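Trainee: sequence and predicted structure are below.
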Amino acid sequence: MNIVVAPDSFKGSLTSSQASAIIKKAIQSLGFGDTVTTKPMADGGEGTVDALVTASNGKRIAVTCTGPLGEKINTYYGMIDEQTAVIEIANIAGLVQVPVADRDPDITTTYGLGEVIKDALDRNCTSFIIGLGGSATNDAGLGLLLALGMKAWDQDGNEVGIYGRDLTKVTRISLNDVDPRIYDVTVQVACDVENPLFGEKGASAVYGPQKGASQKQVIQYDTAMKHFSELVETDQLLKFSSIAGAGAAGGLGFAFLLLGAKLLSGAKLVGEASYMEETIKQADLVITGEGQSDEQTLYGKAPGYIADLANKYDVPAVLISGSLAGNIDPLLEKFSGCYSIINQPLSIETCIAQAEELLYQQTKQTIHFIHKITRS
């Protein structure tokens, strides 16, 4: 059989690239002679760079930039051809990079994202794919824009700093000195949330608390984002703050809209960049998966996207996930089979620690069964 392996990450235990390799190893260990093509998936969050670099035989570009707390960090972005850069906020200002005790939107910044974009521009990149999932920030992209050349001042005429707390001080801005190269390139942003910039469903109200914001800070930031967007939109004679996705990654969606970017489904963007549809079209079987699957898997998540492509070409799709939750009947309408890798009562900690072996064994059982019934 020609089998396409395209899982998302098993968060907390396996990256999508690691999961793909384990599934491939399990299939090949059975000796049926299957051809296995791995296409690691992501939806714009952690693992987006690695998934696209692996799927396209691209490369990593090492870079030093400003981290989420203002310190210098060594990180990387991807190059999937000589002109396309893949950058994820999780590698630059990610929540996982900030210790729980230090999580506070006042002291985090997106400045490093602008530095990495400039590095890619210096390498003559003309196309960008930006993954916004997993940010530690809530600055409406202030840091990013400052790194790219925007000027912002407080009420006393002093230039503001690069941190979230500085957003509350901005009274005047100028975009005249933004690096002009950013307007001459194509920027596609992987964004799977539909929140506007501010309001009861905005960035601060919905995602601020998980980034360490107190209720008082949520109110302060919501007000600051509204004021900041009014300054920017008045300057540009445009309106982006209410667009679905403007509130993604603490308002980075808004900043990218300002720069002319397009906000797209993360799974679809990653899939198109790795030629997923063309690959699945030639397959006999598709295997996907994630950490936990439930009905939400069908709404914008990577396995749901993979299932839709497989169904389009009448290719059976199998879901192998860390766990299955709730009513799986909706999943069975799109997947030929849904399996959990948990084979006995185990604690969450044990499941995470043994994820590699559990995924390996469940894959072997599934593929062995498929071969036996197709040959009978």
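Mentor: Yep, that arrived.
Trainee: neighbours around residue 374, how many?
Mentor: Applying other Cβ atoms under 10 Å, we find 11 other residues in the vicinity of residue 374. Yep, even glycine has a C-beta here, placed from its N, CA and C like the rest.
Trainee: in terms of helices and strands, where is it?
Mentor: helix 355-375 (DSSP states H and E).
Trainee: and that helix, which residues are buried?
Mentor: If you call a residue buried by 16 or more other Cβ atoms under 10 Å, then helix 355-375 has these buried ones: 355-356, 358-360, 362-364, 366-367, 370.
Trainee: show me what that helix is packed up against.
Mentor: Identification of packing neighbours for helix 355-375 by 3 or more Cβ pairs under 8 Å, 6 or more residues apart in numbering; DSSP states H and E yields helix 16-29, strand 285-288, strand 317-321, strand 337-340.
Trainee: buried deepest among those, which one?
Mentor: Burial of the helices and strands packed on helix 355-375 is given as mean neighbour count (mean count of other Cβ atoms under 10 Å); strand 285-288 ranks first at a mean of 29.
Trainee: hey, where'd the helices end up in the stretch 201-350 of the chain?
Mentor: Taking DSSP state H, counting those that start in this stretch as the test, the helices found in the stretch 201-350 of the chain are 203-207, 215-236, 248-258, 266-273, 276-281, 302-312, 329-332, 348-353.
Trainee: what's the mean pLDDT across the third one?
Mentor: It refers to helix 248-258. Averaging pLDDT along helix 248-258 yields 95.
Trainee: so how far is that helix off the chain centroid?
Mentor: Here the centre of mass of C-alpha atoms in helix 248-258, compared against the chain's by Cα atoms, centre = their mean, to the nearest Å, lies 14 Å away.
Trainee: again with the first one
Mentor: For helix 203-207, the separation from the chain centroid amounts to 18 Å (computed by Cα atoms, centre = their mean).
Trainee: show me what that helix is packed up against.
Mentor: Packed next to helix 203-207, using 3+ Cβ pairs under 8 Å, 6+ apart, are helix 215-236, helix 248-258.
Trainee: can you give the contact residues for that helix?
Mentor: The contact list for helix 203-207 (Cβ atoms under 8 Å, 6 or more residues apart in numbering) reads 138, 140, 195, 197-199, 213, 217-219, 221-222, 225, 246-251.
Trainee: swap in 6 Å and give it another go.
Mentor: Contacts with helix 203-207, where a contact means Cβ atoms under 6 Å, 6 or more residues apart in numbering, come from 195, 218, 221-222, 247, 250-251.
Trainee: any of those residues buried? List them.
Mentor: Burial by neighbour count, 16+ other Cβ under 10 Å: within the contacts of helix 203-207 this picks out 195, 218, 221-222, 247, 250-251.
Trainee: rewinding a little: make JSON lines out of the buried residues of helix 355-375 and add pLDDT and distance to residue 169.
Mentor: Shown next, in JSON lines, are those (pLDDT from 0 to 100; distance: Cβ to Cβ, whole Å):
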{"residue": "355", "pLDDT": "88", "distance to residue 169": "45"}
{"residue": "356", "pLDDT": "92", "distance to residue 169": "48"}
{"residue": "358", "pLDDT": "93", "distance to residue 169": "50"}
{"residue": "359", "pLDDT": "95", "distance to residue 169": "49"}
{"residue": "360", "pLDDT": "96", "distance to residue 169": "53"}
{"residue": "362", "pLDDT": "95", "distance to residue 169": "53"}
{"residue": "363", "pLDDT": "97", "distance to residue 169": "54"}
{"residue": "364", "pLDDT": "96", "distance to residue 169": "58"}
{"residue": "366", "pLDDT": "96", "distance to residue 169": "56"}
{"residue": "367", "pLDDT": "96", "distance to residue 169": "59"}
{"residue": "370", "pLDDT": "94", "distance to residue 169": "61"}
